[in-house]
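Chemist: The following block contains a protein sequence and its predicted model.
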Amino acid sequence: MNELEIKSRYYEDIKKAIEYFDENYLYQPNLDEVAAHVGMSKYHFSRIFKEYAGISALQFLQATTFSYAKKKLQTSKSILDSSIDLGLSSSSRLHELFVNFIGVTPNEYKKLGENLEIRYGFGFSIFGKTMIASTKKGICALEFYDESYDEVFSRLKSSWEKAKFIKDDKHAQELLDKIFINKEKVSLYVKGINFQINVWKAILNISKAEVSTYSDIATLIGKPKAVRAVASAVGANHIGFLIPCHRVISKSAAMGGYRWKVGRKKVILSFEEAEK
């Protein structure tokens, strides 16, 4: 069992703890109560959190609450301050030099993956079970799932209808190790209409452990009134974590929807805060 598979198993316990903490936040449950709900001793529960996130369980749980998100939104530096001068065509500083962003050409978009070989597989990340797919140009999908992987694989196939798919779980886990353990720079091969791609590029400029709003992103791409369209583009993102749509929340600081469940969104944001 590799490091990511172990941490992936921790993720399920952490998600369960976060859900309990959210439901009972008004009376501030203590560590004993949360641990009992998860079905662990206080000691074991604390150790798992420390190994997973590097901070205490209560610190981690506090970072998942609505009040924390609201404070974070108020104090976070707007992405407009640091990104407006970069231009959406720039990739030199995207996502802290972590990714290289390659959009499909209009001709490639129309061909639906014709003559394209996509290697995909299922493995583990620190945020649970994960599917990842890649081409020679870069990663074209990264999706989380909890039970059956049918839904995430169906989305992959529908995006690239004419591609040749090759299942390779070993290669998939190697890519996930590269991303989540070694933190190596990777290339993304992204399929979307121009508006979606501009939204995804804007999201890449939100720093780790920071958050921004749909309206901020609409302003950044020069479409300040297109907030709903921005929200739709965020929801259409098919490369989770690497295009960090989890860092986008509503103006009210509500977490809002997330393709891979709001509980996972909270874990990712809290994990990033712990790393920072």
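Modeler: Received the coordinates, thanks.
Chemist: which stretches of the stretch 101-250 of the chain form strands?
Modeler: For the stretch 101-250 of the chain, the strands defined by DSSP state E, counting those that start in this stretch cover 117-125, 128-134, 139-145, 164-167, 186-190, 212-213, 248-249.
Chemist: Distance of the residue nearest to K129 when sequence neighbours are not counted relative to S134?
Modeler: Spatial nearest neighbour of K129, excluding adjacent residues (Cβ to Cβ, 6 or more residues apart in numbering): Y145 at 5.3 Å. All C-beta spots, glycine's among them, are computed from the backbone N, C-alpha and C. Y145 is 18 Å from S134, where distance means Cβ to Cβ, to the nearest Å.
Chemist: Counting neighbours, go ahead and name the busier of these two.
Modeler: S134 (23 against 17; other Cβ atoms under 10 Å).
Chemist: Contacts only, for the spatially closest residue to the more buried one that is not a sequence neighbour.
Modeler: Distances taken as Cβ to Cβ, 6+ apart put R119 closest to S134, at 5.7 Å, once the chain neighbours are dropped. Neighbour list for R119: A133, S134, T135, I166, K167, D168, H171, A172 [criterion: Cβ atoms under 8 Å, 6 or more residues apart in numbering].
Chemist: try 6 Å
Modeler: S134, I166, D168, H171 (Cβ atoms under 6 Å, 6 or more residues apart in numbering).
Chemist: Let me know the closest of the residues you listed to N194.
Modeler: Of all these, N194 sits closest to S134, with 23.2 Å by Cβ to Cβ.
Chemist: Make a PyMOL selection of the buried ones in the contacts of R119.
Modeler: Selecting only the buried entries of the contacts of R119 in PyMOL, with 16 or more other Cβ atoms under 10 Å as the criterion:
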select buried, resi 134+171
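Chemist: Out of the contacts of R119, which is nearest to E5?
Modeler: Sorting the contacts of R119 by how near they are to E5, with Cβ to Cβ, puts H171 at the top with 16.1 Å.
Chemist: how deep is V248 tucked in, by neighbour count?
Modeler: V248 has 26 nearby residues by other Cβ under 10 Å.
Chemist: From T219, how far out is the closest residue to it other than its chain neighbours?
Modeler: In this structure, V248 finds its nearest non-sequential neighbour in V234, 5.4 Å apart by Cβ to Cβ, 6+ apart. The gap separating V234 from T219 is 14 Å, by Cβ to Cβ.
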